[in-house]
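A.B. asks: next comes the sequence, and after it the predicted model I'd like to discuss.
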Amino acid sequence: GFVVGHAGLYQALAMFAVAYFIIGMTVLSVCAIATNGALDAGGAYYMISRALGPEFGGSIGIMFFLANVCGSALYVLGLVEAVVDSFGIPPGQETGTGVHILPQSYWYELLYGTVLLALCLLVCLVGASIYAKATFLIFLIVAAVLGTILVSFFATRPLQVPIRLPLRNGTETDNGFFTGFSLDTLRANLGGGYAVDYTTGQMMSFSSVFAVMFNGCTGIMAGSNMSGDLKRPSYSIPRGTISAVLFTYLVYNLLAFLMCATCNRILLQKDYGFLRDISIFPPLVTVGIYAATLSAAMSNLIGASRILYALARDDLFGRALALAKKTSASGNPVMAVILSWLVVQVVLFSGKLNTIASVVTIFFLLVYATVNLACLALEWASAPNFRPTFRYFTWHTCLLGIAGCCVMMFLISPVAASASLGFLLLLLLALHYLSPSSTWGYISQALIFHQVRKYLLMLDVRKDHVKFWRPQMLLMVQNPRGSARLIDFVNDLKKSGLYVLGHVELQDLDMLPSDPLQSQQDSWLSLVDKLNVKAFVSLTLAPSVRHGVRQLLFTSGLGGMRPNTLVLGFYDDEAPQDGLARHPAFTSAREEVPLGFPPLRAPTTPKLLSAREYVGIVADALKMLRNVLLARQLESLDKAWELRRAASPPPTIHVWPVNLLRPDSARYADTCSLFLLQMACVLNMARAWRRARLRLFLCVEAGTMPHAQEEKLRQLLKDLRIQAQIQLVPWDAITRLHWQTCQGPPGGPAEEEEEEEGVVNFPTNTTQVSDEYVCAANKLVLEQSPAPAVRFLYLPRPPADTSLYPLYLHQLELLTRGLGPTVLVHGVSAVTSTQL
């Protein structure tokens, strides 16, 4: 009557259609989730938490708990209104007559509500079985009352109903009319006629009436809330819920039409208990109203307690809900019932039904939207294990349900909707950072997998362009204990590219009962988390390190995301240091180093690979057109100290884009030099290295117009948009040593021609320079002050003659001896262009 009296028949039917459209879409999602595997206590909370993870589940669980609590209070207040309407002392009278004996005031009505709520509490404390029997009895009573009301519309003769409404300064009297079936009455009630609600004194509108009406439709979750108490929830929930929705929709529409055709608007708007006046047996209507509202109040109270119990049992809020875990001997969560009752009692202080109706409706709409979201996520994730037996849904129905809920939330009350979403967001963030990890499975992982697979298929390597090149690193790590700072350094070098930590385990799978790498995977992943690097882990078994690195170079990555750069630690005789124990990730948090990594190799223990094999790995990578970086003494790089010190000048990065082992073919614009420049620039672009300054060293000889060379290099840097200081370094004395060794005049032809771009050859450059020359080149690099945070040097190709590998490595060791953190770089791919 309230809905039809204010909104009229057309708008009332529209409200029912909108409400049941939202509910219908949600019911389809509920049925789909309910028939997909096991279902435990908590209803919608259980469905959402197991689908969307603990953050969404816990936050929506709290919202759904509050919705049920407020809903229970709302129905108790509705019952109080009905009781006072039937037995309250009329306004303006000090004493009642006949059955009108109950005083009316805010505190008296709060008392009546408390008593009625205590009755609900008693039923819920006994347990679910008595509640089920009580609700079945109430169902029979309400069905009988409904039957008499439908008969009354036809059997009752037209009559006048006197109405007395309380006002601040007295009472208002009016007359409503039951006209029987009348075309004039129907026409008068077709359109809207919003007026002041006599219980709250507020002007009604479409949204406020819809908010009150929608609470009569929220019982769709009553069955799923009892999921932990049902024998066969997957069977009962779909059948019971769909039957209830269809039945109530038909009844509501039928009642709306009958009321519009027989009652004038004054009666509908000013007497919400008019059905008693027109009934052929008025006391039965009163009993029906009491039974329906009492049933709804109990349903919401027991639903709230089950949600609270499920939240407490999942330990999402720690000790805050520990009390709610306690159950009776029969398994009834009595403490959750009592706590829910206390919260409902607090809500009763709001005083009037229509005051809290909009808040309750928004909470329920938010929960329904999230149930639809959970089903949508499961459907979009396309997980093979999502195969509900209920198939009458699609992702379209889920999406429509979400859209309908969101639109109606903001139509009802934009402020309350925004506040509810804000509260939900706070709960999400709190649970994300504070809740323990769960073993339920995260739908986010399934969705990410689905999307990543789709986009990886779209990432076409044939469309790669130098303009969008980025480093994709494969860092080989023998033992993370000795490589913590190198792992961190390469993380700064990757520039949003792929980063893979590779490790080779020297074992033969034929001789083992199972794969030993499975047990190591968790330790490596924990290491990645602790060091806060954005890296993947790739482990392999191989008979030798060289074979293992080949495997990883061939197989690491997927589609268009494959490593294009191999990073190795330097091969020398220095004793490894346990940098992991000193890393800030462990020293600041006072956490132990992750278990699973063996202790570092003792200085007297032989290495796992020889010098020849190490250089062979470099040669293999270049044959496979991978860029190579060799990092020496990176474990001595204290990045935090270098980059945060307040002293001036800021730290520097020294760049030597010339092949110091091939002074006769030194060029600054070949592919390798440009790659070296690019890597130094990428490091400088990393957030932690932005204070550092690039310093580029231009080696010049007398009589070669150094200023022209400097201007040419400066123009190159400008075209490449690289900000660096150029420093001229005379090296006549160094090159003189080289020509004396070669016994050729300065400027003479080189023994080997520079390789053409795209052609892989192996110049025997190690035969062309002496140790004396290399030591002099090392001294030249070392003398450039101030000392930098890190140096980038040109890495020459290994010689074609494998017997020269030890000599090649020896000269690299001489070149970088004592230089501190140094990266030797050899690039084979074009990474930048002056034409961009």
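C.D. replies: Alright, I've got the coordinates. Numbering: from 1, shown residues only.
A.B. asks: where does the residue nearest to Gln472 when sequence neighbours are not counted land on pLDDT?
C.D. replies: Closest residue to Gln472 apart from its sequence neighbours, by C-beta to C-beta, 6 or more residues apart in numbering: Leu498 at 3.8 Å. No exception for glycine: its C-beta is placed from N, CA and C like everyone else's. Reading off the confidence values, Leu498 has pLDDT 91.
A.B. asks: same deal with Trp641?
C.D. replies: For Trp641, the predicted pLDDT is 64.
A.B. asks: over to Arg462?
C.D. replies: Value for Arg462, per-residue pLDDT: 79.
A.B. asks: how near is it to Gly559?
C.D. replies: 12 Å (C-beta to C-beta, to the nearest Å).
A.B. asks: over to Cys405?
C.D. replies: 38 Å.
A.B. asks: next: Asp510.
C.D. replies: Applying C-beta to C-beta to Asp510 and Gly559 gives a distance of 31 Å.
A.B. asks: ok, those two, which is more surrounded?
C.D. replies: Of the pair Asp510 and Gly559, Gly559 is the one with more neighbours under other C-beta atoms under 10 Å, namely 14 against 5.
A.B. asks: surely the more buried one and Leu457 touch.
C.D. replies: Yes - counting by C-beta atoms under 8 Å, Leu457 is a contact partner of Gly559 at 6.9 Å.
A.B. asks: coming back round to it: so how many other residues sit close to the residue nearest to Gln472?
C.D. replies: 22.
A.B. asks: list the contacts of it.
C.D. replies: 472-473, 536, 557, 561-563 (C-beta atoms under 8 Å, 6 or more residues apart in numbering).
A.B. asks: make a markdown table from those and add distance to Ala291 to it.
C.D. replies: Shown next, in a markdown table, are the contacts of Leu498 (distance: C-beta to C-beta, whole Å):
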| residue | distance to Ala291 |
| --- | --- |
| Gln472 | 70 |
| Met473 | 71 |
| Phe536 | 62 |
| Gly557 | 67 |
| Met561 | 64 |
| Arg562 | 70 |
| Pro563 | 71 |
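A.B. asks: out of those residues, the closest to Phe87 would be?
C.D. replies: Phe536 (72.6 Å; C-beta to C-beta).
A.B. asks: Tyr499 is in contact with that closest one, correct?
C.D. replies: Yes - the pair Phe536 and Tyr499 qualifies as a contact (C-beta under 8 Å) at a distance of 6.9 Å.
A.B. asks: comparing these two, which shows the higher neighbour count?
C.D. replies: Set Phe536 next to Tyr499 and count neighbours by other C-beta under 10 Å: Tyr499 wins out with 23 against 18.
A.B. asks: mind listing the helices for the stretch 651-800 of the chain?
C.D. replies: 671-685, 706-719, 732-742, 771-783 (DSSP state H, counting those that start in this stretch).
A.B. asks: ranking the ones you listed by mean pLDDT, which is last?
C.D. replies: helix 732-742 - the lowest mean pLDDT of the helices of the stretch 651-800 of the chain, at a mean of 69.
A.B. asks: chain neighbours aside, what residue packs nearest to Gly53?
C.D. replies: Going by C-beta to C-beta, 6+ apart, Gly53 has Tyr442 as its nearest residue, at 4.5 Å.
A.B. asks: roughly how far does the one you found sit from Ser49?
C.D. replies: Tyr442 is 11 Å from Ser49, by C-beta to C-beta.
A.B. asks: tell me which of those two has more neighbours.
C.D. replies: Ser49 (25 against 16).
A.B. asks: for this protein, which residue is closest to the average position?
C.D. replies: Ser444 (6.5 Å; C-alpha atoms, centre = their mean).
A.B. asks: wait, a helix at it?
C.D. replies: Yes - under DSSP: H, G, I helix; E, B strand; the rest coil, Ser444 sits within a helix.
A.B. asks: domains in the protein, as residue ranges please.
C.D. replies: 1-434, 467-598+605-635, 638-740+766-835 (the TED database).
A.B. asks: out of the ones you listed, which one sits most buried?
C.D. replies: domain 1-434 (a mean of 19; mean count of other C-beta atoms under 10 Å).
A.B. asks: and that domain, end to end?
C.D. replies: 48 Å (C-alpha to C-alpha, to the nearest Å).
A.B. asks: who touches Lys326 in this structure?
C.D. replies: With C-beta under 8 Å, 6+ apart, Lys326 has these contacts: 333-335.
A.B. asks: oh, I was asking about Thr397
C.D. replies: So Thr397 contacts 25, 28-29 (C-beta under 8 Å, 6+ apart).
A.B. asks: in which helix or strand does it reside?
C.D. replies: helix 395-412 (DSSP states H and E).
A.B. asks: and that helix, how far from the chain's centre?
C.D. replies: 21 Å (C-alpha atoms, centre = their mean, to the nearest Å).
A.B. asks: quick one: mean pLDDT for it?
C.D. replies: 88.
A.B. asks: put the alpha carbons of it into PDB.
C.D. replies: What follows is helix 395-412, C-alpha atoms only, in PDB (Å, rounded to 0.1, in the frame of the first residue of the first chain):
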ATOM      1  CA  TRP A 395      28.500 -13.200 -18.500                       C
ATOM      2  CA  HIS A 396      25.900 -10.900 -19.900                       C
ATOM      3  CA  THR A 397      23.500 -11.600 -17.000                       C
ATOM      4  CA  CYS A 398      26.200 -11.000 -14.500                       C
ATOM      5  CA  LEU A 399      27.200  -7.700 -16.200                       C
ATOM      6  CA  LEU A 400      23.600  -6.600 -16.300                       C
ATOM      7  CA  GLY A 401      23.100  -7.400 -12.600                       C
ATOM      8  CA  ILE A 402      26.200  -5.400 -11.700                       C
ATOM      9  CA  ALA A 403      25.100  -2.400 -13.800                       C
ATOM     10  CA  GLY A 404      21.600  -2.500 -12.400                       C
ATOM     11  CA  CYS A 405      22.800  -2.600  -8.800                       C
ATOM     12  CA  CYS A 406      25.300   0.300  -9.300                       C
ATOM     13  CA  VAL A 407      22.700   2.500 -11.100                       C
ATOM     14  CA  MET A 408      20.100   2.000  -8.400                       C
ATOM     15  CA  MET A 409      22.500   2.600  -5.600                       C
ATOM     16  CA  PHE A 410      23.300   6.100  -6.800                       C
ATOM     17  CA  LEU A 411      19.600   6.800  -7.700                       C
ATOM     18  CA  ILE A 412      18.600   6.000  -4.200                       C
END
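A.B. asks: residues making contact with whatever helix or strand comes next after that helix?
C.D. replies: The first helix or strand that comes after helix 395-412 along the chain, using DSSP H and E, is helix 414-434. Applying C-beta under 8 Å, 6+ apart, the contact partners of helix 414-434 are 54-56, 58-60, 62-63, 316, 318, 358-359, 362-363, 366, 409-410.
A.B. asks: many thanks, we can stop here.
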